[in-house]
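1. let me see the structure of the following:
(one chain, ligands or ions: 2)
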Amino acid sequence: MIRTPSIRSQDDPLSIAIRPPPTETETDRQVRLQQEAEARRISEQIDEELRIEREKLKRSKGDVKLLLLGQAESGKSTLQKQFQLMYSPASLDSERMSWRTVVYFNVVRSVKKILVTLDAWDDIDDGSDSQSTLERQELSQDDAFLVGTSRTSFAAPWLQALQSPPLRICATASCPWWNIEPQLADRLSGGISVSGSGRGEVYVRSGWQARTIYTNTLVDLVATMLDQSCEDITTLWEHPVVRALISKRKLKLDEWSEFFLNNIARISARDYIPSTDDILHARIQTMGVAEHIFDVDIHGRSVSWHLYDVGGARGQRHSWVPYFDDANAIIFVCPISAFDQYLEEDPRTNRIDDSLQLFTQICSNQLLKKVHLVLFLNKTDILKKKLERGLLVSKYILSYGDRLNEYESVVQYFRSHFLQVHRRNNENRRVLYTHMTNVTDTRATQSIIGNVRDSIFRGYLQSAALV
Ligand SMILES: Nc1nc2c(ncn2[C@@H]2O[C@H](COP(=O)(O)OP(=O)(O)OP(=O)(O)O)[C@@H](O)[C@H]2O)c(=O)[nH]1
Ligand SMILES: [Mg+2]
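-> Ligands and ions are numbered 1, 2, ... in the order given. Take a look at the predicted model:
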């Protein structure tokens, strides 16, 4: 019987090398042929996968890639939600219920912070003027029920005296108020904790919504607890002592606490469904990089936009770099209201300083030299409120000197610093588009997104024409 090598010709050196031995039996031959057929199948499968990958890459080369960069809490994820609301509202709707857990977490954490601060109040040297002494007496007589919890004791003697009558703000003995916060945090993060994240922040990876969309015993328990404690929380939130501590800056709540506590009656209703405004105010930290894809129609043409929402804390910034290579545009978000705040990760660094340093790194990065650059000076609403309350910029930013402590003047001052950083790192003469924003304001933000989309798209078409 003539045996032909099954793959290549007789003269091919490779064929000679892999030629079956002359002693090959019929059984051996069958096994060999089977193995060769299997090898061919795998090889063809790999070729097909490579072809699909190449196709995908070719197609995605025509997509717009937009990075949202900036420090933690600057408003990147909120801006991403505005894009989602504009270009994929159904997807925001489908994850609406998963935001309930985040809102509950934000509320529980805010109430706990108030209680802890009240507890420590006696230890705080607040100059104890006669008004605050009076307020303390008022609180101890009228609102004893509010401050009690199932915690074994309070450090402050004036609060220790208040542990009876029964403690209404704590829902049940089996699930005390104090333990709920870490449990909700665990549910949201899926048990992942990030070292050096300060204040026990909760980080979530992209896709976390799937884990929290369905209600469970814990979420039900919190809903019951809020339902039962709604009046107490309102009384606590509106109490003159709490107001006084806030205005004297002895009680520093998270920025979003006010929004949720002002809406506590609606949020504690048993049939609560988060509104779009609630979702925009809900706070949870991004871990790594989350990609969101939208089809954007522009001038009768549909283009896929890939939005990359990154974690802004210092420990997260290393994960940005792989996305620099083929980015078309960056929106850099700076919370311009943060002149009196310091980084969680490094309490010695002023947050405006950190933003400027970060912006310098972005402007000078060689991989990003040709990228379309947009700057959002964000949280202008919070800046206005701080200035109205009389907070002095020059107390925190010494170089501000004796300039007017007014909105326009402050904005222009910070803006000029960003423009200067950009000018110093602008060999390519690219334009920097700047917007003053409050990205929780849907109408204003969507109009800005429209402008940004047009300018990015113009640049994109120009570069596509050059390729
Ligand atoms: N009032 C007000 N709140 C804002 C504004 N922008 C963002 N926020 C709130 O600030 C908080 C933080 O915003 P995020 O969008 O989560 O911040 P981020 O930049 O994604 O933060 P990381 O994921 O940690 O990097 C949220 O509670 C937002 O609702 C704004 O312009 N005004
Ligand atoms: Mg985020």
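
2. and stretch 117-136, average pLDDT?
-> Averaging pLDDT along stretch 117-136 gives 51.

3. could you do stretch 47-58 as well?
-> 73.

4. one more: stretch 429-441?
-> In the prediction, stretch 429-441 has an average pLDDT of 96.

5. what are the boundaries of the helices in the stretch 101-250 of the chain?
-> 130-142, 144-147, 157-160, 177-189, 209-212, 217-238, 240-247 (DSSP state H, counting those that start in this stretch).

6. list the buried residues in the fifth one.
-> Taking 16 or more other Cβ atoms under 10 Å as the basis for neighbour counts, the residues of helix 209-212 that come out buried are Gln209, Thr212. The way it works is simple: take the backbone N, C-alpha and C, and place the C-beta from them, glycine included.

7. tell me what that helix is packed against?
-> Contact here means 3 or more Cβ pairs under 8 Å, 6 or more residues apart in numbering; DSSP states H and E; on that basis helix 209-212 packs against helix 98-120, helix 177-189.

8. ranking the helices of the stretch 101-250 of the chain by mean pLDDT, which is last?
-> Of all the helices of the stretch 101-250 of the chain, the minimum mean pLDDT falls on helix 144-147 (a mean of 37).

9. contact residues of the stretch 1-150 of the chain facing ligand 2?
-> Lys76, Ser77 (Cβ under 5 Å from the ion).

10. what segments of the stretch 1-150 of the chain are strands?
-> 64-69 (DSSP state E, counting those that start in this stretch).

11. please report the distance of Asp381 from Ser416.
-> 21 Å (Cβ to Cβ, to the nearest Å).

12. more crowded one of these two?
-> Asp381 (15 against 10; other Cβ atoms under 10 Å).

13. which residues are in contact with whatever helix or strand the more buried one lives in?
-> Per DSSP states H and E: Asp381 is located in helix 380-388. Helix 380-388 is contacted by residues 255, 335-337, 339-340, 393, 405-407, 410-411, 436-438, 440-441 when judged by Cβ atoms under 8 Å, 6 or more residues apart in numbering.

14. now swap in stretch 202-216 and tell me
-> Contacts of stretch 202-216 (Cβ under 8 Å, 6+ apart): 95, 97-102, 105, 185, 187-190, 192-194, 197, 219, 223, 284-291, 311.

15. which one of the helices and strands packed on helix 209-212 is the most hemmed in?
-> Sort the helices and strands packed on helix 209-212 by mean neighbour count, taking mean count of other Cβ atoms under 10 Å, and helix 98-120 sits at the top with a mean of 21.

16. that helix and ligand 1, any residue contact?
-> No. Contact of helix 98-120 with ligand 1 (Cβ under 6 Å from any ligand atom) is absent, the minimum separation being 7.6 Å.

17. residues near the residue of the stretch 151-300 of the chain found nearest ligand 2, how many?
-> Ranked by Cβ to the ion, the top residue of the stretch 151-300 of the chain for proximity to ligand 2 is Thr286, at 3.2 Å. The tally of other residues near Thr286 (other Cβ under 10 Å) stands at 22.

18. need the phi and psi values for it.
-> Backbone geometry at Thr286, expressed as degrees, to the nearest 10, gives phi -80, psi 140.

19. find the nearest non-adjacent residue to Glu201, please.
-> Gln285 (5.0 Å; Cβ to Cβ, 6 or more residues apart in numbering).

20. what's the pLDDT at the one you found?
-> Taking Gln285 on its own, its pLDDT is 93.

21. for stretch 432-450, which outside residues touch it?
-> Contacts for stretch 432-450 (Cβ under 8 Å, 6+ apart): 75, 78-79, 82-83, 85-86, 276-277, 280-281, 333, 336, 373-381, 411, 415, 418-419, 422, 426, 451-452, 455.

22. the same query, at a cut-off of 6 Å, please.
-> The contact list for stretch 432-450 (Cβ atoms under 6 Å, 6 or more residues apart in numbering) reads 75, 78-79, 82, 86, 280, 373-378, 380-381, 422, 455.

23. re earlier: please convert the buried members of the contacts of helix 380-388 into PyMOL selection syntax.
-> Remark: buried members of those, expressed as a PyMOL selection using 16+ other Cβ under 10 Å:
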select buried, resi 255+335+336+337+339+340+393+405+410+411+436+437+438+440+441
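
24. in helices, which of the contacts of helix 380-388 appear?
-> Judged by DSSP state H, helices contain the following of these: Val393, Tyr407, Val410, Val411.

25. output those residues as a markdown table; include the columns distance to Ser304.
-> Listed next are the ones in helices among the contacts of helix 380-388 as a markdown table, based on distance: Cβ to Cβ, whole Å:
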| residue | distance to Ser304 |
| --- | --- |
| Val393 | 42 |
| Tyr407 | 39 |
| Val410 | 39 |
| Val411 | 35 |
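
26. nearest to Arg51 among those residues?
-> Val411 (52.9 Å; Cβ to Cβ).

27. excluding sequence neighbours, find me the nearest residue to the closest one.
-> Met436 (6.2 Å).

28. bridging residues for the one you found?
-> Beta-bridge partners for Met436, by DSSP bridges, are Leu377.

29. what helices and strands are in contact with the helix or strand containing Leu373?
-> For Leu373, the element it lies in under DSSP H and E is strand 372-378. If you count contacts as 3 or more Cβ pairs under 6 Å, 6 or more residues apart in numbering; DSSP states H and E, strand 372-378 packs onto strand 329-335, strand 432-436, helix 442-466.

30. so what's the gap between whichever helix in the chain runs longest and the chain middle?
-> Longest among the helix segments of the chain by residue count, using DSSP H, is helix 26-60. How far helix 26-60 lies from its chain's middle: 43 Å, per Cα atoms, centre = their mean, to the nearest Å.

31. ok, now stretch 278-295?
-> Using Cα atoms, centre = their mean, the offset of stretch 278-295 from its chain centre is 5 Å.

32. quick check: the single nearest residue of the stretch 351-467 of the chain relative to ligand 2 vs His422, distance?
-> Ligand 2 sits closest to Val439 of the stretch 351-467 of the chain, with a gap of 11.5 Å, by Cβ to the ion. Using Cβ to Cβ, we find Val439 at a distance of 21 Å from His422.

33. likewise for Glu238?
-> In terms of Cβ to Cβ, Glu238 sits 45 Å off from His422.

34. show me which of these two is the more surrounded one.
-> More crowded of Glu238 and His422, by other Cβ under 10 Å: His422, with 20 against 11.

35. measure that one to Leu373 for me?
-> With Cβ to Cβ as the criterion, His422 and Leu373 are 7 Å apart.
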